[in-house]
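A.B. asks: just coords:
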């Protein structure tokens with residue numbers, strides 16, 4: 001499916017391998033959106049989103065930062081064709 005190719009980059013590295021940090025970041029964002037949606041429906045008002053922003057940036061950012069920081073420590077893989 002060529003139309004889904006840009007979406008694959010959300011959870012896959014450039015070489016085609018799956019990325020835990022990207023998948024975890026996506027899950028954190030989805031959970032935060034669901035949580036805020038629930039609070040809006042229950043309280044009938046938009047909550048202060050400062051703490052949600054801090055939560056998403058600190059957790060997802062930590063995963064992504066650790067992944068990028070340790071990328072140089074990981075052994076190089078052979079050049080393989082990414083899955084299509």
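C.D. replies: Noted; the coordinates are in hand. Source: prediction; values computed, not measured.

A.B. asks: residue 13 and residue 23 touch, don't they?
C.D. replies: No. Applying Cβ atoms under 8 Å as the test, residue 13 and residue 23 come out as separate, 11.0 Å apart. Heads up, the C-betas are built off the backbone N, CA and C, glycines and all.

A.B. asks: touching the helix or strand hosting residue 27 from outside, list them.
C.D. replies: Using DSSP states H and E, residue 27 sits within helix 20-43. Residues outside helix 20-43 that contact it (Cβ atoms under 8 Å, 6 or more residues apart in numbering): 10-13, 46-47, 49, 52, 55-56, 59-60, 63-64, 66-67.

A.B. asks: give me that answer again for 7 Å
C.D. replies: For helix 20-43, contacts defined as Cβ atoms under 7 Å, 6 or more residues apart in numbering pick out 10-11, 46-47, 49, 52, 55-56, 59-60, 63-64, 66-67.

A.B. asks: mark which of the residues you listed are buried, thanks.
C.D. replies: For the contacts of helix 20-43, a burial check counting by 16 or more other Cβ atoms under 10 Å picks out 11, 56, 59-60, 63, 67.

A.B. asks: from residue 21, how far off is residue 62?
C.D. replies: Residue 62 sits 9 Å away from residue 21, going by Cβ to Cβ, to the nearest Å.

A.B. asks: which neighbours do the two share?
C.D. replies: If you check residue 62 and residue 21 against Cβ under 7 Å, 6+ apart, no residue is contacted by both.

A.B. asks: for those two, indicate the residue with more neighbours.
C.D. replies: residue 21 (19 against 14; other Cβ atoms under 10 Å).

A.B. asks: one step back: rank the contacts of helix 20-43 by pLDDT and give me only the lowest.
C.D. replies: Within the set of the contacts of helix 20-43, pLDDT is lowest for residue 10 (70).
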